[in-house]
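Enquirer: the following comprises the amino acid sequence and a computationally predicted model.
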Amino acid sequence: MKQQNVHYFPGHMQKARRVIESYVKIVDLIIELVDARAPLSSQNPLLNQLAASKPRVVLLSKADMADPRVTDGWIGYFKAQGYAPLAGDLKKGKIVKTLLAVSEPLMAAKREKEKRLGMKRQPIRAMVIGIPNVGKSTLINNLGGKKAAAVGNKAGVTRAEQWIKLADDFILLDTPGILPMNYPDGAQAVRLALLGSMREDVLPTEDLSYALLGYLKENYPSILLNRFAIPDLRDISSDQALIRIATRRGLLENGAPSTEKAAYLLIKEFKDGLLGPASLEVAPC
Ligand code: G4P
């Protein structure tokens with residue numbers, strides 16, 4: 001994707017670091033959420049510093065909006081990195097079973113230690129971490145559901161934390177760890193803006209729409225054909241494409257097709273998954 005000159009200042013990095021550090025101390029397992037449409041761009045390497053020693057499930061959220069073949073590539077990539085990856089639609093109910101299944105094998109050291117010390121089997125204590133808008137609250141709400149009982153306060157940290165019981169041997173912190181975005185480069189900033197993880201005013205809408213059009217042209221030309229009846233973007237400029245979208249959707253400004261409104265619509269439809277499954281980033285080989 002085209003490089004852009006972006007100035008982005010992540011605020012509260014230090015505060016986020018302190019909060020996450022305090023949480024990490026009391027959990028056995030990190031559930032790192034990344035957006036399946038751009039898993040690397042939606043990671044923050046800060047987590048590697050803060051939770052290097054903790055077993056980690058990498059959960060690729062919003063897989064329903066991503067290109068399934070590309071998502072398979074990412075699953076292989078994260079496996080090769082030593083994590084337990086899984087992908088899914090966090091709005092659907094099935095995720096808890098899968099999560100429990102991939103988590104237990106990561107607890108070998110904990111189980112070994114319990115055995116060595118002659119302790120009873122303790123529940124896995126997990127927490128959800130990720131940058132904004134990757135689905136943390138959706139997952140916690142989905143996992144919490146109505147059936148799961150809150151297991152009450154636990155001592156040992158400065159604040160009393162609430163835990164949600166997902167199974168007899170699995171409890172989850174009901175508060176997610178929110179990672180700020182790491183100073184992203186231009187291409188990464190474009191991806192994050194398209195995922196809705198970055199403030200909308202950071203990049204001008206039209207520039208963002210040009211980047212998206214360029215990417216779709218190269219990687220998913222059928223999307224433009226199916227959704228907007230644009231047969232081949234190679235023959236027309238991005239502005240012309242926006243005019244076609246505006247004309248087709250009746251987006252006018254003073255009686256003329258509005259490229260600004262078309263740019264806004266294109267981005268919104270991408271964010272909402274209305275264009276059809278598409279990924280913005282392919283796993284490195
Ligand atoms: P956050 O806590 O990490 O900031 O993210 P949050 O759960 O608030 O999710 C951000 C948006 O992404 C929400 O949409 C949520 O519904 C949507 N979302 C989360 N996971 C998935 C998923 O796996 N698939 C799809 N398709 N969408 C997902 P919203 O429009 O902001 O809110 P809402 O109106 O849907 O509640």
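Expert: Structure's in. What do you need? Numbering: from 1, shown residues only.

Enquirer: what score does the residue lying closest to Leu195 once chain neighbours are set aside have for pLDDT?
Expert: Nearest non-adjacent residue to Leu195, counting by Cβ to Cβ, 6 or more residues apart in numbering: Asp35, 5.0 Å away. In this view, the C-beta of every residue, glycine as well, is placed from N, C-alpha and C. Looking at Asp35, its pLDDT reads 97.

Enquirer: got it, and the one 5 residues further on?
Expert: Note on Leu40: pLDDT of 95.

Enquirer: next, find the distance separating it from the ligand.
Expert: According to Cβ to the nearest ligand atom, to the nearest Å, Leu40 stands 17 Å off from the ligand.

Enquirer: phi, psi for that residue please.
Expert: Per-residue torsions, Leu40: phi -70, psi -40 (degrees, to the nearest 10).

Enquirer: what about it, how many neighbours?
Expert: 16 (other Cβ atoms under 10 Å).

Enquirer: and what of Ala187?
Expert: 18.

Enquirer: same question for the one 3 residues further on.
Expert: For Val190, the number of neighbouring residues by other Cβ under 10 Å comes to 28.

Enquirer: that one sits in which helix or strand?
Expert: helix 186-195 (DSSP states H and E).

Enquirer: that helix and the ligand, any residue contact?
Expert: No - shown here: helix 186-195 not in contact with the ligand (Cβ under 6 Å from any ligand atom), separated by at least 9.3 Å.

Enquirer: hmm, the helix or strand hosting Lys15 touching the ligand?
Expert: Using DSSP H and E, Lys15 sits within helix 13-25. No - figure legend: helix 13-25 not in contact with the ligand (Cβ under 6 Å from any ligand atom); closest approach 13.4 Å.

Enquirer: what packs against that helix?
Expert: helix 46-50, strand 124-130, strand 177-178 (3 or more Cβ pairs under 8 Å, 6 or more residues apart in numbering; DSSP states H and E).

Enquirer: nearest to the ligand, of these?
Expert: Proximity to the ligand (Cβ to the nearest ligand atom) singles out strand 124-130 among the helices and strands packed on helix 13-25, at 5.6 Å.

Enquirer: partner strands of that closest one, parallel or antiparallel?
Expert: Each strand that pairs with strand 124-130, with its direction, by DSSP bridges: strand 29-35 (parallel), strand 170-173 (parallel), strand 177-178 (parallel).

Enquirer: dump those strands to TSV, plus mean neighbour count.
Expert: Formatted as TSV, these follow (neighbours: other Cβ atoms under 10 Å):
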stretch	mean neighbour count
strand 29-35	27
strand 170-173	24
strand 177-178	21
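
Enquirer: any idea how far the residue positioned nearest the centre of the chain lies from the ligand?
Expert: Nearest to the mean C-alpha position of the chain, by Cα atoms, centre = their mean, lies Asp35 at 2.4 Å. Using Cβ to the nearest ligand atom, Asp35 is found at 9 Å from the ligand.

Enquirer: check Arg116 too.
Expert: 37 Å.

Enquirer: how many neighbouring residues does that residue have?
Expert: Arg116 has 8 neighbours, counted by other Cβ under 10 Å.

Enquirer: which stretches of the stretch 151-285 of the chain have low pLDDT?
Expert: Applying pLDDT under 70 to the stretch 151-285 of the chain flags the ranges 151-160, 182-184.

Enquirer: tell me which parts of it are close to the ligand?
Expert: Near the ligand, when you scan the stretch 151-285 of the chain using Cβ under 6 Å from any ligand atom, you find Gly273.

Enquirer: for this structure, just list every one of the helices.
Expert: 13-25, 46-50, 68-80, 95-103, 108-116, 136-144, 186-195, 205-219, 221-228, 238-249, 259-271 (DSSP state H).

Enquirer: give the contact list for Ser279.
Expert: Contacts for Ser279 (Cβ atoms under 8 Å, 6 or more residues apart in numbering) come out as Ala36, Arg37, Ala38, Ala66, Asp67, Val70, Thr71.

Enquirer: just checking, Leu192 touches Ser42?
Expert: Yes - applying Cβ atoms under 8 Å as the test, Leu192 and Ser42 come out as touching, 6.8 Å apart.
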